[in-house]
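S.K.: Starting from these lines, generate the structure:
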Amino acid sequence: MSLKVIPKPNNINLFLADFGQLTKIRLSFSIVFSSLAGYFLAADFLNTRTIILLIFGGYLIVGASNAFNQILEKDLDLLMLRTRNRPLPARRMSSIKATLISLFMTIIGLMLLYKINTRTAIFGAISIIIYTCVYTPLKTKTPLSVFFGAIPGAIPFMLGWVAHSNKFGIEPGILFMIQFFWQFPHFWAIGWMLDKDYKKAGFKMLPTGYKDRSTGFLILLYTFWMILISLFPITKYTGLLNLSILAAIIIFILGLIMLYYALDLIKKKSTKSAKKLMYMSIAYLSLVQIIYVFDKFI
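M.R.: Model (predicted):
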């Protein structure tokens, strides 16, 4: 009878795994997807160079923001079940090493965005500054941290438009507002799900501090505003950003589904309901972005 030998992961594989956790690779790629959606909405022709720079520059900026966040919160991450195995609290990576990685990503990321145009780089810099220097330290101070966190979180969708046009106007403003209002039901649903874990670290993520009807009502209110902003381009008062009646109907139906889950959370006040709302919010944003792009080209 022979014993099966399980090979140990080498240092490169361990580093790549930790790098993925440090930069939150899935979240970073979803944000890059938002940037590309914004670019396709603005572009009347596709520039391969700009697309490549936007993908890599955007990932590096988002990844650096996530890494700086984990550096600042490494001691708090150790207190929470879902984060205690991250590279820094688990001591698989030192703070100095993580800081050097973050600085390198920031510099290279901004350089790549600057090669697209100056405004794209400026918005990238604003994003990382607010996320690291405002949102992160406020998470243990006030629920208003979600408001400030929603600003860098909303920049990627509009960043793609700015990358193509080198202008900020009504069109990227609407894209920004869609993702800005979307942040609240999304992150408050997560805050509801993980309330006990967040409180262990002292994070104040829910608007009232409790899983109550008031928090549920605010989730419902911001969901309503998100839907209105998503449908606003049908009015034709949004410059080059337009929406057909068919696309608006589909988005409206998606919004009604999300409103249903928000109402269900108010009614049941359960973690299961919050989880359903969270997943629906992810589906809503992704589908709205895809619908916007398809509606332009079809």
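S.K.: How about the secondary structure of Phe203?
M.R.: coil (DSSP: H, G, I helix; E, B strand; the rest coil).
S.K.: All further residue positions should be reported with the first residue as 6.
M.R.: Fine by me, first position is 6 from now on; the one you just mentioned is Phe208.
S.K.: residues in contact with the nearest residue to it once chain neighbours are set aside?
M.R.: Using CB to CB, 6 or more residues apart in numbering and skipping residues adjacent in sequence, the residue nearest Phe208 is Lys144, 4.9 Å away. Quick note: C-beta positions are derived from backbone N, CA and C, even for glycine. Lys144 makes contact with Glu78, Ser150, Gly154, Phe208, Lys209, Met210, according to CB atoms under 8 Å, 6 or more residues apart in numbering.
S.K.: again, only using 10 Å
M.R.: By CB atoms under 10 Å, 6 or more residues apart in numbering, the contact list for Lys144 reads 74, 77-78, 81, 150-151, 153-154, 203, 206-210.
S.K.: Show the buried residues in the residues you listed.
M.R.: 74, 77-78, 81, 150-151, 153-154, 203, 206, 208-210 (16 or more other CB atoms under 10 Å).
S.K.: so Tyr297 is in which element?
M.R.: In the assignment (DSSP states H and E), Tyr297 maps to helix 276-302.
S.K.: Show me what that helix packs onto, helices and strands only.
M.R.: Contact partners of helix 276-302 among helices and strands, from 3 or more CB pairs under 10 Å, 6 or more residues apart in numbering; DSSP states H and E: helix 30-47, helix 150-170, helix 175-198, helix 200-206, helix 218-236, helix 250-273.
S.K.: can you do 6 Å?
M.R.: Helix 276-302 sits against helix 30-47, helix 175-198, helix 250-273, with contacts defined as 3 or more CB pairs under 6 Å, 6 or more residues apart in numbering; DSSP states H and E.
S.K.: Good, wrapping up.
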